Structure formats: structure tokens, C-alpha cells
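Q: missing the sequence, but the structure's below:
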């Protein structure tokens, strides 16, 4: 199974000049799904404010890949400017995710859902931005971002309510290790913590 980095790199290296609208849509969808999933996995780690370091590169890479599908080559500065256009500043997003982790257990469940929803919203709005030739107003982008974020967060929270069995928590932890988010030592420490709590 490809990692999000491999997926992003494949898209960044691809040539979409002659791609059909369906091929572009499929490439963008894959990038958004991989980016949102990776953001949820990395936010699984328990340390507040570390998300800024872990989620930001995922979102930046995702926007660069989406821009590439639509014929734009973007550096990190351009991506940060785009994100701030629709009110999705990296710092603000990650403060939201990190503050959730300050609430025991409930925050542990909420943070991955929030990271997933925020990253998905960044992807959807970026796609809309590039698809319409960068001619969309900042107000429209901000409203779209809020709407997509709210919908995805509610969807993820509803999907996880009551689903925090020991098996599921261990599977999430395993996924984080396989994605390279946790070292073997961090994995074992977190696994011991989960088993102790149950």
C-alpha cells in the first residue's frame, strides 16, 4: 500500500496537461483521501502542539499536489498564502487540534477527527480554488472551508462514537507505526499506556 508521501510525489511528478476532467478529479480525490488519512494518523500521537510539526507538511504537500494536477507548481510560501486566503492558517488549525488533546480521553478521540476534517477541507477548498482558475473570492473560500470542515468533522465523530474498543485503538496505533509516525519505542510506550487504561 502506498504511503501519502509516495502518492503526493507520484502526483507531483505526473503530467496532467492532457488529463481528462475525470482523471484530474480521481487524482485530486486520491490526494485528499491520503492526506486526510495521514493527518488523522499523525494526530493520534498524544503530545499537544506536536501536531503543528506533523500535520503541516502533509497539508502543504497535499496543496502542492492538487495545484500540480491543475497545472500549477507551488513553493511552500505560495501554499501558505493560499491557505491564509480561506482562513485555514496552519497555526490556527493546529492550535484547534492541539487544544483538543488537553481534554483527557475525549480529546484523544476528537483530535484525529479534527485533523482529518481540517485536512479534507483544505484539500476540497484548494481543489475548488485551482479548478476555478484562482478566481474565487476569499469570502467564498472561507465559507466553503467552514462548511466542509464542519461536515467532515461531524461525519468522523459520528463514525467513531462508541467505537473506541481496545482492538480499534491498537489498530490505530499499529497504523501510526506503519505510516512511520511513531518509532518502535513510541509505539511500545503508547501500547502499554492503552493496555493499562483498559
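A: Yep, that arrived. None of these values were measured; they are calculated from a predicted model. Residues are numbered from 1 along each chain as shown.
Q: surely residue 8 and residue 59 touch.
A: No: using C-beta atoms under 8 Å, residue 8 and residue 59 do not qualify as a contacting pair, with a distance of 10.8 Å. (Each C-beta comes from the backbone N, C-alpha and C, glycine too.)
Q: which one's the longest helix in this protein?
A: With secondary structure taken from DSSP state H, the chain has its longest helix at helix 106-131.
Q: so what secondary structure elements neighbour that helix?
A: For helix 106-131, the contact count by 3 or more C-beta pairs under 8 Å, 6 or more residues apart in numbering; DSSP states H and E identifies helix 21-42, helix 51-69, helix 76-85, helix 90-100, helix 138-160 as packing neighbours.
Q: for residue 176, which of those is the nearest?
A: Ranking the helices and strands packed on helix 106-131 by proximity to residue 176 (C-beta to C-beta) places helix 21-42 first, at 5.0 Å.
Q: re the thing from before, and the longest helix of the chain, what's buried?
A: 107-131 (16 or more other C-beta atoms under 10 Å).
Q: now do the shared contacts for residue 8 and residue 59.
A: residue 35 (C-beta atoms under 8 Å, 6 or more residues apart in numbering).
Q: list the helices and strands the helix or strand hosting residue 7 packs on?
A: For residue 7, the enclosing helix or strand under DSSP states H and E is helix 4-13. Applying 3+ C-beta pairs under 8 Å, 6+ apart, one finds that helix 4-13 makes contact with helix 21-42, helix 51-69.
Q: return the distance of it from the chain's centre.
A: Taking C-alpha atoms, centre = their mean, to the nearest Å, one finds helix 4-13 lying 15 Å from the centre of the chain it belongs to.
Q: what do you get for stretch 47-65?
A: Stretch 47-65 has its C-alpha centroid displaced from the chain centroid by 7 Å (C-alpha atoms, centre = their mean).
Q: what do you get for stretch 38-58?
A: In this view, stretch 38-58 has its centroid 9 Å away from the chain centroid, taken as C-alpha atoms, centre = their mean.
Q: now do stretch 24-40
A: 8 Å.
Q: looking at the helices and strands packed on helix 4-13, which one is packed in the most?
A: Ranked by mean neighbour count, those are led by helix 51-69 with a mean of 23 (mean count of other C-beta atoms under 10 Å).
Q: coming back round to it: I'd like the helices and strands packed on helix 4-13 as a markdown table, with distance to residue 154 and mean pLDDT appended.
A: Formatted as a markdown table, the helices and strands packed on helix 4-13 follow (distance: least, C-beta to C-beta, whole Å; pLDDT from 0 to 100):
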| stretch | distance to residue 154 | mean pLDDT |
| --- | --- | --- |
| helix 21-42 | 15 | 93 |
| helix 51-69 | 20 | 89 |
